[in-house]
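J.: I would like to see how this sequence folds:
(chains A and B)
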Amino acid sequence: MQDLGIRVLFDGENGVRLLLGLVVTLKLSIITIIASCLLGTLMGLLMTLRNPIIHIVTRVYLEFIRIMPQLVLLFVTYFGLTRAVGINLSGFTAAVIVFILWGTAEMGDLVRSAFISIPKDQYESGTALGFSKLQLYRFIILPQALRQIIPPAMNLATRMIMTTSLVVLIGVVEMLKTGQQIIEANRYTAPSAALWIYGTIFFLYFFSCWPLTILAQHLEKKWEK
Amino acid sequence: MSLKKIHLLFLAAIIMTAAVFVSGCASSPDTSQQQSSTSPTAFRSLDDIKKSGEITIGVFSDKAPFGYIDQNGEYQGYDIYYGNRLAKDLGVKVKYVSVEPANRVEYLKTGKVDVILANFTVTPERAEQVDFALPYMKVALGVVSPDGALITSPDQLKGKTLIVAKGTTAETYFSKNYPDIKLLKFDQYTETYNALLDGRGDAFSTDNTEVLAWALKNKGFTVGITSLGNIDTIAPAVQKGNKELLNFINDDIKKLASENFFHKDYEETLKPVYGDAVNPEDLVVEGGAVNNK
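T.: I've put the predicted structure just below:
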């Protein structure tokens, strides 16, 4: 019995293909996480403004994205846009758009809640001490808010990385799908390959998310002072 | 109080908009849209494909031995073998797109692929959404049982226990046509095979391609009945209304019968898996003609 499933990993270009899948996963994650952080902060700040129109618009946007499963958003963006208005996006572009929309909405809400959770007297004492509006945010509010955002933001980022496995449904072949392709191609010759391939994928995902955790811990410590 | 109410109303409104939006996208586009060539979802005509020099075909990338990717990253399998030939007969290059069971129809409807060759079983519901060409393969039910007490006809099963998976055609077929066979039902395939190995049932029935492949890997078990029940066919599909391309594929399949193309396809792609245990006539459809036994 050639039952050593690990051999499948080194057979032909299987290993390289798995790594190429990881590149797709990481490319999508990194682009969308960075964009979501920037746009999300902007949106969070907008949400703290007491403008009723902005309030309604951001609220509708946030609830819409929250209610819709990511899978539905992907389908609507990739197939729905083509069908409704004839826009033919590539699968990857559609995925980037959906993930940024999702990340921005969730990040925005995190930023908003962090800002409003800072007690009013912090703003008031800052103003009383003669800080300008900019100084007030730069030295008093932002450092406190950032520290609060980090843990939930990291959760969001890792969740986004994991969710990239859905993009296969709009034709983007990423790491998990590549793994399944390799497993299925060897279904009859090496049935135990599944364990090895999924094991490898586990580690690849782990090492993709781990740096984020370390970064979060580092920042939390740094800003604790 | 009233503020809460407003909030609730607001939420309900959002949910409904979302629902309308989604259902609007999911419902089939009106026929007028399909006929006009300026429609966003228009298919590519035969000429368009030839001019572009490339045909896009949606296939499975993880369903060995029908459509999969080998260790060198190349598409392989029974469906692909025909895809390559179709492109060759059209005189164009072929580009494969990996599709899933859940999005095959969408890919065709939005014109993101020209043809689907993803082990697409012909059903009346699907025929309303896409146009099927002539079949090139067929599946029926198979019954696998231990060599010691081999079941070769459904009548032998009377009073015995047959294992089936819930929601499969096997379940419906046997409960309808053979009510006196006791059925032992499971949710998952792995459970059914384990039950058969444990001797909790006398035989197990599902798609013949599945049981045939399984019996080869499990010594002591043989598929006594290789083709039973309604025969489902598997055919290429194109977007609804793409007559030229459909006719081309139909003619191509008919023409290929003269060289016994799909038998060759079977020899190349399926035989290495099924070996001699399977009669090619149980699976292969040549020239689009299904001859019911």
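
J.: Every contact and neighbour count from this point should use C-alpha atoms.
T.: Fine.

J.: Test my guess that B:T222 contacts B:S145.
T.: Yes. Between B:T222 and B:S145 there is a contact at 5.8 Å, judged by Cα atoms under 8 Å.

J.: Assign a three-state SS to A:L142, would you?
T.: Under DSSP: H, G, I helix; E, B strand; the rest coil, the three-state class of A:L142 is helix.

J.: ranges for the helices of the stretch 1-150 of chain B?
T.: Ranges of helices within the stretch 1-150 of chain B are B:2-26, B:31-35, B:46-52, B:78-90, B:104-109, B:124-129, based on DSSP state H, counting those that start in this stretch.

J.: what's the answer for the stretch 151-293 of chain B, then?
T.: Ranges of helices in the stretch 151-293 of chain B, per DSSP H, counting those that start in this stretch, are B:169-177, B:189-198, B:208-217, B:243-256, B:261-265, B:271-274.

J.: Touching the last one from outside, list them.
T.: What that stands for is helix B:271-274. With contact meaning Cα atoms under 8 Å, 6 or more residues apart in numbering or on different chains, helix B:271-274 is reached by A:188, B:65, B:212-213, B:216.

J.: and the two most separated of the residues you listed?
T.: The most widely separated members of the contacts of helix B:271-274 are B:P65 and B:L216, with 14.1 Å between them, by Cα to Cα.

J.: and the two? which has more neighbours close in?
T.: A side-by-side neighbour count of B:P65 and B:L216, using other Cα atoms under 10 Å in any protein chain shown, places B:P65 first with 24 against 19.

J.: which residues touch that one?
T.: Per Cα under 8 Å, 6+ apart, neighbours of B:P65: A:185, B:76-78, B:269-270, B:273.

J.: what do you get for B:Q188?
T.: B:165-166 are the contacts of B:Q188 under Cα under 8 Å, 6+ apart.

J.: ok, so what distance separates the closest residue in space to B:A149 that isn't next to it in sequence from B:G142?
T.: Nearest non-adjacent residue to B:A149, counting by Cα to Cα, 6 or more residues apart in numbering or on different chains: B:D202, 7.9 Å away. Distance, B:D202 to B:G142, using Cα to Cα, to the nearest Å: 14 Å.

J.: what's the offset of the helix of greatest length in chain A from the middle of its chain?
T.: Longest helix in chain A by number of residues (criterion: DSSP state H): helix A:14-48. Its chain's average C-alpha position is 5 Å from that of helix A:14-48, according to Cα atoms, centre = their mean, to the nearest Å.

J.: picking that back up, could I get the pLDDT score of the residue nearest to B:A149?
T.: At B:D202, the pLDDT value in this model is 94.

J.: Dihedrals phi and psi, it?
T.: Dihedral pair for B:D202: phi -90, psi -20, per degrees, to the nearest 10.

J.: Quick check, the residue in chain A closest to chain B?
T.: As assessed by Cα to the nearest Cα, chain B sits closest to A:G86 within chain A, at 3.9 Å.

J.: Helix A:14-48 and the host helix or strand of A:L156, what's the angle between them?
T.: Secondary structure from DSSP states H and E places A:L156 in helix A:142-163. Between helix A:142-163 and helix A:14-48, the angle comes out at 140 degrees (axes from the mean of the first three to the mean of the last three Cα atoms, to 10 degrees).

J.: just checking, what packs against helix A:142-163?
T.: helix A:14-48, helix A:91-117, helix A:193-222 (3 or more Cα pairs under 8 Å, 6 or more residues apart in numbering or on different chains; DSSP states H and E).

J.: chain center to the helix or strand just after the shortest one: distance?
T.: When you say that, I think you mean helix A:91-117. Counting by DSSP H and E, the next helix or strand C-terminal to helix A:91-117 is helix A:120-128. Between the centre of helix A:120-128 and the centre of its chain there are 34 Å (Cα atoms, centre = their mean).

J.: quick one: buried residues of the next helix or strand after helix A:120-128?
T.: The helix or strand immediately downstream of helix A:120-128 is helix A:133-135, counting by DSSP H and E. Along helix A:133-135, no position meets the burial threshold by neighbour count (16 or more other Cα atoms under 10 Å in any protein chain shown).

J.: what does stretch B:61-73 give?
T.: Under the neighbour-count criterion of 16+ other Cα under 10 Å, stretch B:61-73 has B:61-71, B:73 buried.

J.: between the helices of the stretch 1-150 of chain B, which gets the lowest average pLDDT?
T.: For the helices of the stretch 1-150 of chain B, mean pLDDT drops lowest on helix B:31-35, to a mean of 37.

J.: Give me every residue in chain A lying close to chain B.
T.: Residues of chain A lying close to chain B by Cα under 8 Å from any Cα of the partner chain are A:11-14, A:17, A:60, A:63-64, A:67-68, A:72, A:76, A:79-80, A:82-87, A:169-171, A:173, A:180-188.

J.: Mind checking which of those residues are in helices?
T.: Judged by DSSP H, the residues of chain A next to chain B include A:14, A:17, A:60, A:63-64, A:67, A:72, A:82-85, A:180-185 as members of helices.

J.: Return the members of those residues classed as buried.
T.: A:14, A:17, A:60, A:64, A:82-84, A:180-185.

J.: could the residues you listed go into a markdown table alongside pLDDT and distance to A:F207?
T.: Shown next, in a markdown table, are those (pLDDT from 0 to 100; distance: Cα to Cα, whole Å):
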| residue | pLDDT | distance to A:F207 |
| --- | --- | --- |
| A:N14 | 91 | 20 |
| A:R17 | 93 | 18 |
| A:V60 | 95 | 36 |
| A:F64 | 95 | 32 |
| A:T82 | 91 | 36 |
| A:R83 | 88 | 39 |
| A:A84 | 88 | 40 |
| A:Q180 | 89 | 20 |
| A:Q181 | 90 | 22 |
| A:I182 | 91 | 21 |
| A:I183 | 87 | 22 |
| A:E184 | 84 | 25 |
| A:A185 | 85 | 26 |
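
J.: List just the nearest of those to B:D252.
T.: Proximity of those to B:D252 (Cα to Cα) peaks at A:A185, which lies at 28.6 Å.

J.: Tell me how many other residues crowd B:N279.
T.: Neighbourhood size, B:N279 [other Cα under 10 Å]: 12.

J.: where does chain B have low pLDDT?
T.: Applying pLDDT under 70 to chain B flags residues B:1-41, B:291-293.
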